[in-house]
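> This is a predicted model, with the sequence first.
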Amino acid sequence: MSKAQLKNARVAFGRAFHAWRRMNNLSQGDIQEASSAIGFKVSNSQISNAENGILEPKPKFFVHLGAFNQLLDSTDLTPVRNYNLRRKLETCVYFPSPTDEDTPANASELFNYFIGGAPLPIDVDPIDTSNSDDEADDDGLIDRLKNLTSAEKLVIKKLLQ
């Protein structure tokens with residue numbers, strides 16, 4: 001893999017992670033607070049750098065991010081003491097595994113997304129807005145809506161409530 005390909009993968013991961021975070025109405029601070037509560041702190045600056053495609057992460061970042069992602073699939077959110085954050089986390093959908101959308105991605109799978117080793121899940125892959133032709137954008141959006149996965153449908157349902 002060339003440096004340019006790795007950079008493109010890193011930027012794509014950042015955009016996808018940002019889109020996923022916004023779909024779940026999570027701030028960077030929410031992730032930092034919740035991950036710290038379970039002993040796996042992911043800092044605001046690490047999240048920002050990842051989302052901007054400038055992160056040169058240590059393995060620990062993906063271990064901690066993976067632990068946070070697993071927390072979102074847990075029914076036990078009691079380690080998160082902030083009641084409002086705990087309520088918010090109850091409505092979140094985890095970043096899905098590349099092999100099974102009904103399973104949260106673990107640390108190695110998140111790293112694999114980061115380096116472009118696995119295609120980003122469609123439900124978090126940002127829509128390409130580089131095309132200035134509005135009609136083509138509408139067609140792409142319509143095609144995308146027709147092919148929603150169950151995870152995407154769940155996210156949209158939660159956003160519309």
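Structure's in. What do you need?

> so how far is the longest helix belonging to the chain off the chain centroid?
Looking across the chain with DSSP state H, the single longest helix is helix 3-23. Offset of helix 3-23 from its chain centre (CA atoms, centre = their mean, to the nearest Å): 9 Å.

> can you pull the buried residues of that helix?
9-10, 12-21, 23 (16 or more other CB atoms under 10 Å). Using the backbone N, CA and C atoms, a C-beta is placed for each residue, glycine as well.

> Can you name the secondary structure element that comes next after that helix?
Next along the chain after helix 3-23, taking DSSP states H and E as the criterion, comes helix 28-37.

> how much does that following helix deviate in direction from helix 3-23?
90 degrees (axes from the mean of the first three to the mean of the last three CA atoms, to 10 degrees).

> Contacts made by the helix or strand just after helix 28-37 with the rest, please.
Per DSSP H and E, helix 28-37 leads on to helix 44-51 as the next helix or strand towards the C-terminus. With contact meaning CB atoms under 8 Å, 6 or more residues apart in numbering, helix 44-51 is reached by 13-15, 17-18, 21, 28-29, 31-32, 55, 57, 61, 114.

> Quick check: buried residues in helix 44-51?
Buried residues in helix 44-51, counted by 16+ other CB under 10 Å: 46-47, 49-51.

> Same list (those) but as TSV, adding distance to R81.
Shown next, in TSV, are those (distance: CB to CB, whole Å):
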residue	distance to R81
Q46	22
I47	21
N49	27
A50	26
E51	26
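
> related to what we said a few turns ago, and which of the buried residues of helix 3-23 is nearest D73?
Closest approach to D73 among the buried residues of helix 3-23 (CB to CB): W20, at 14.1 Å.
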